[in-house]
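A.B. asks: With the input below, show me the fold.
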Amino acid sequence: MFARSAARALAAPSTRLFSSSAARQTKVAVLGAGGGIGQPLSLLLKLNPLVSNLSLYDIRGAPGVGADVSHIDSASEVNGYQADQLDAALEGVKVVVIPAGVPRKPGMTRDDLFNTNASIVRDLAQAIGRVAPEAHICIISNPVNSTVPIVAATLEKLGVFDPRRVFGVTTLDVVRAARFLGGIAGADPKDCVVPVVGGHSGATIVPLLSQTAQGKGISGEQYKALINRIQFGGDEVVKAKDGAGSATLSMAYAGAKFTDALLRGLNGEKGVVTPTFVKSPLFADQGIDFFSSKVELGVNGVEKIHPIGDITAAEQELLDACLPDLKKNIAKGQSFVA
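C.D. replies: Below you'll find the predicted structure:
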């Protein structure tokens, strides 16, 4: 019985993460493919029927990851590239996903990662701007609130920045919000999709529970605990791994989920909307150039940035706490490049 069930599960197409293979396929690069996020992310992207070719790069380990992943029985081709082959890895690429960088360790905040990861991301952005200036760039490397402005400023210096093509991947916050709310509400997480706006670090993460049916009834201490868990869920993983890493598997899933949404939008699918951290006009009057809100993805990348919508007094408090920190994080990234 178990064998038959397992066989059916393996044979059944995924309806939760990936779309149909009927659309145009795209060459995708993963920069940082040898790391804790990069390896499972590469595996998941190999399974995506919208990916024609997977280009895996890292300073070490990517050729081995590429050889391993290439044996999976999906149609896409896989190539692995090492330290001196970055330009080759980027040739002809339309979507670049960047998980490269050092992971968080116990006691570290995302900002503690800045000095190392900022240089890594800047150098990768320079290569993308030189070799694949029209690529859509999905940035996972933390701290996203600063690394996205770093990529944007680097591309601006090269004269190739297009705000429609640069994305901070905040999908893990959305995934966590759905999972944690579903657990409280006794509902399937797929029915508990919570818009998460702001940024991708601690108090800059603003879940709008009032905008989903299951979240409207959460209040008091339960509300505070849920918000805190969504904002600081990464700390649970860092602590549980006891110095051995951070949220790699769930982040890889979230990265693959966002990449699939982008690929579907680029293929012309209508109504692909998801939160992502992009250059945004929503709070530009307050000096905040980047913000995560619901974004419609299309053939040009960012097609429409949606307003936040109606929020509760409690959510307004969260937003008020978010904005000053977010502004500092963005300025830190911009100053690094300047």
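A.B. asks: quick one: pLDDT of Ala213?
C.D. replies: At Ala213, the model reports a pLDDT of 96.
A.B. asks: Give me the phi and psi for it.
C.D. replies: For Ala213, the backbone dihedrals (degrees, to the nearest 10) come out as phi -60, psi -40.
A.B. asks: neighbours around it, how many?
C.D. replies: 11 (other Cβ atoms under 10 Å). C-betas here are computed from N, CA, C, even on glycine.
A.B. asks: Is it correct that Thr171 is in contact with Pro275?
C.D. replies: Yes: in this structure, Thr171 is within contact of Pro275 by Cβ atoms under 8 Å, at 7.4 Å.
A.B. asks: Show me the helices in this structure, by range?
C.D. replies: For the chain, applying DSSP state H gives helices covering 2-11, 38-46, 62-69, 86-90, 114-131, 144-158, 171-185, 220-240, 249-266, 313-337.
A.B. asks: closest one to Leu54 among the ones you listed?
C.D. replies: helix 38-46 (5.8 Å; Cβ to Cβ).
A.B. asks: same for that closest one, what does it pack against?
C.D. replies: strand 26-31, strand 51-57, helix 62-69, helix 249-266 (3 or more Cβ pairs under 8 Å, 6 or more residues apart in numbering; DSSP states H and E).
A.B. asks: Is it possible to get the helices of the chain out as CSV so that each row also shows mean pLDDT?
C.D. replies: Formatted as CSV, the helices of the chain follow (pLDDT from 0 to 100):
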stretch, mean pLDDT
helix 2-11, 37
helix 38-46, 98
helix 62-69, 98
helix 86-90, 98
helix 114-131, 95
helix 144-158, 98
helix 171-185, 98
helix 220-240, 96
helix 249-266, 98
helix 313-337, 97
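A.B. asks: Can you tell me the number of residues neighbouring Ala67?
C.D. replies: Neighbours around Ala67, by other Cβ under 10 Å: 13.
A.B. asks: ugh, wrong one, I meant Asn228
C.D. replies: Count around Asn228 with other Cβ under 10 Å applied: 13.
A.B. asks: For it, give its distance to Lys190.
C.D. replies: As judged by Cβ to Cβ, to the nearest Å, Asn228 and Lys190 stand 23 Å apart.
A.B. asks: Tyr57 and Asp87 touch, don't they?
C.D. replies: No: the criterion here is Cβ under 8 Å, and Tyr57 misses it with Asp87 at 9.9 Å.
A.B. asks: Just want to know which of the two has more residues nearby.
C.D. replies: Tyr57 (32 against 13).
A.B. asks: what domains does the record give for the chain?
C.D. replies: 21-168, 171-337 (automatic domain parsing).
A.B. asks: and those domains, which is most packed in?
C.D. replies: Across these, averaging neighbours per residue (mean count of other Cβ atoms under 10 Å) puts domain 21-168 on top, at a mean of 21.
A.B. asks: Residues in contact with stretch 312-328: which ones?
C.D. replies: 145, 197-199, 201-210, 223, 227, 283, 286-288, 290-291, 308, 311 (Cβ atoms under 8 Å, 6 or more residues apart in numbering).
A.B. asks: Keep only those of the residues you listed that are in strands.
C.D. replies: 197-198, 205-207, 290-291 (DSSP state E).
A.B. asks: And those, which two are furthest apart?
C.D. replies: The largest separation in the ones in strands among the contacts of stretch 312-328, counting by Cβ to Cβ, is between Pro207 and Phe290 at 18.6 Å.
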